[in-house]
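> next one to model:
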Amino acid sequence: MTDVIVIGAGPAGLAGAIACAQSGLKTVVIDEFIKPGGRLLGQLHEKPSGEWWNGIKESDRLTKEAQDLSVNIRCGVSVYNLEKEANKWSVHTNKGTLSASFVLIATGAAEYPIPLPGWTLPGVMSIGAAQVMTNVHRVQVGKKGIIIGANILAFAILNELQLAGIHVERIVLPEKGPLSGKAGVPNEVLKSLTDASKLAPSSFLRLGGRLMKSDGLRKMAIKFFPKNGVKMNGTPLLLRKAAVEIIGDQQVEGVRVADIDAEGKIILGSEKIYEADFVCIAGGLYPLAELAAVAGCPFQYIPELGGHVPHHSEIMETPLDGLFVAGNITGIESGKVAMAQGTTAGYSIAKRAGKGGIIDDLLQQAVQNVRTVREQAAIQFHPEINDGRKKIYEQWEELYTKKQNEYDDVKIG
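Numbering: from 1, shown residues only. A predicted model of the protein is given here:
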């Protein structure tokens, strides 16, 4: 008899399964990939302290800890539906139907595609795909590449590609359009980067970021932005150039770019071609929340969290009895935050299952730990994440006060 089914074997799912199992709940984790770890498997970066964050080692640690607690981890299992029947959740998969009193959805995030002419050529991939091919499968994606899109995710993975000896020639913006949105507007891109300037490695860059919060100063900075770009870990960021086409016969051979003004408008007659044998498109991330929608969970669109997220409380419950969420499905953040949320969800499930003892204290500590980890996060995909969290929790308190009273010893902050 299974008590908890966790959908997703990434950092949130594994951490949630561990907390459930530690609380005496029989737990099964399912994931469509061939091995557990999720996004952790592709992560490798140096923290501000000088220590290295090795996602594969972290994944191995979590997996071993879960298995030592008798968590059943089943990979290669895809979920296509889940529904509540009587007091049980039925999770329908390609390997049959599983049932449990509680379900934790920890499906993570997916990448926004930015289509442009030539994007179906061999050698074109998302920036996340390049990360997985490099760090997980140990495949060299190419010898001379271009990244289209300038955001935190692109810069983080750029560094990982460089560590693997893969040369990225330059970073350009996508052409402004309905699908690229703000990603094709230099003024908006610079604003998003300066919002994250508190994470910069030097006090000079942090000061520069604070100064660039002024719209007038940003426009001036863009006007005088160096023609050859500003180097990000050795790769030039060309903030005033946009990709209008990826060219090639049987595979990627280059990218046609054009100069743009501060608002992303193409400057006629400025086109040129940069050679490349691979292209990474960096459109950013959004919560992968389809399964919560299939289950009937209500949603709210909150840009500060990365898009549409299921209604949930700070202890990771949803309005649907027995359904919990954790990780990037609730808003785009780092792997460490996802793990902290998973632990919170696990103890929250244990509390709902009637487990006594120190569960209340553990849940309180887990909630506080999420706040602490978020505040100390080395990478923030959305600088206004705290505002987004406040919105979703205030909405929960407003809409589900009666349900929240059952957990009146856990404050929403």
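> shouldn't Arg240 be in contact with Asn228?
No: counting by Cβ atoms under 8 Å, Arg240 stays clear of Asn228, with 10.6 Å between them. In this view, the C-beta of every residue, glycine as well, is placed from N, C-alpha and C.
> those two: who's more crowded?
Taking other Cβ atoms under 10 Å, Arg240 and Asn228 do not tie; Arg240 has more neighbours (22 against 9).
> per-residue pLDDT, that one?
pLDDT, Arg240: 92.
> helix, strand or coil for it?
Recorded secondary structure, Arg240: strand (DSSP: H, G, I helix; E, B strand; the rest coil).
> residues contacting it?
Counting by Cβ atoms under 8 Å, 6 or more residues apart in numbering, Arg240 touches 186, 222, 225, 227, 259-261.
> next, the residue of the chain most remote from its centre: phi, psi?
The outermost residue of the chain relative to its centre, with distances by Cα atoms, centre = their mean, is Gly269 at 37.9 Å. Dihedral pair for Gly269: phi 80, psi 10, per degrees, to the nearest 10.
> how near is it to Ala242?
Distance of Gly269 to Ala242, computed by Cβ to Cβ, to the nearest Å: 14 Å.
> about what we covered before: got a ChimeraX select line for the buried ones in the contacts of Arg240?
If you want just the buried ones from the contacts of Arg240 in ChimeraX, going by 16 or more other Cβ atoms under 10 Å, the selection is:
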select :186,222,225,259,260,261
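> now, which of the contacts of Arg240 sits nearest Leu104?
Distance to Leu104 across these (Cβ to Cβ) is lowest for Pro186, with 41.0 Å.
> per-residue pLDDT, the closest one?
pLDDT, read off for Pro186, is 90.
> any idea how far Ser396 lies from Val367?
Ser isn't right for residue 396; it's Trp. Distance of Trp396 to Val367, computed by Cβ to Cβ: 13 Å.
> what's the overlap in contacts for those two?
With Cβ under 8 Å, 6+ apart as the test, Trp396 and Val367 both reach Glu314.
> so Lys272 sits right up against Val257, yeah?
Yes: at 6.2 Å, Lys272 and Val257 qualify as touching, with contact defined as Cβ under 8 Å.
> of those two, who's got more company?
Ranked by neighbour count (other Cβ under 10 Å), Lys272 and Val257 place Val257 first, with 25 against 11.
> ok, what's across the strand from the more buried one?
Ala243, Lys272 (DSSP bridges).
> list the contacts for it?
By Cβ under 8 Å, 6+ apart, the contact list for Val257 reads 172, 238, 241-244, 271-274.
> surely Lys391 is within a strand?
No: in this structure, Lys391 is helix, not part of a strand, as judged by three-state DSSP.
> so what's it closest to, chain neighbours aside?
Leaving aside its sequence neighbours, Lys391 sits nearest to Ile302 (Cβ to Cβ, 6 or more residues apart in numbering; 5.5 Å).
> what about the one you found, how many residues close to it?
23.
> export the contacts of Val257 to CSV and tack on distance to Gly142?
Output for those, formatted as CSV (distance: Cβ to Cβ, whole Å):
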residue, distance to Gly142
Val172, 16
Leu238, 19
Lys241, 20
Ala242, 21
Ala243, 16
Val244, 21
Glu271, 23
Lys272, 20
Ile273, 17
Tyr274, 14
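> and stretch 69-85, how far from the chain's centre?
Centroid separation for stretch 69-85 versus its chain: 22 Å, with Cα atoms, centre = their mean, to the nearest Å.
> okay, and which of the contacts of Arg240 map to strands?
The strands, defined by DSSP state E, take in Asp259 from the contacts of Arg240.
> out of the contacts of Arg240, which one sits closest to Pro310?
Once Cβ to Cβ is applied, the member of the contacts of Arg240 that ends up nearest Pro310 is Pro186, at 34.0 Å.
> which residues touch that closest one?
Per Cβ under 8 Å, 6+ apart, neighbours of Pro186: 173, 222, 225, 239-240, 260-264.
> per-residue pLDDT, Lys182?
Looking at Lys182, its pLDDT is 88.
> work out for me the element the residue nearest to it when sequence neighbours are not counted sits within.
Counting by Cβ to Cβ, 6+ apart, Glu188 is the residue found nearest to Lys182 once chain neighbours are left out, at 3.9 Å. Element membership of Glu188, judged by DSSP states H and E, is helix 186-195.
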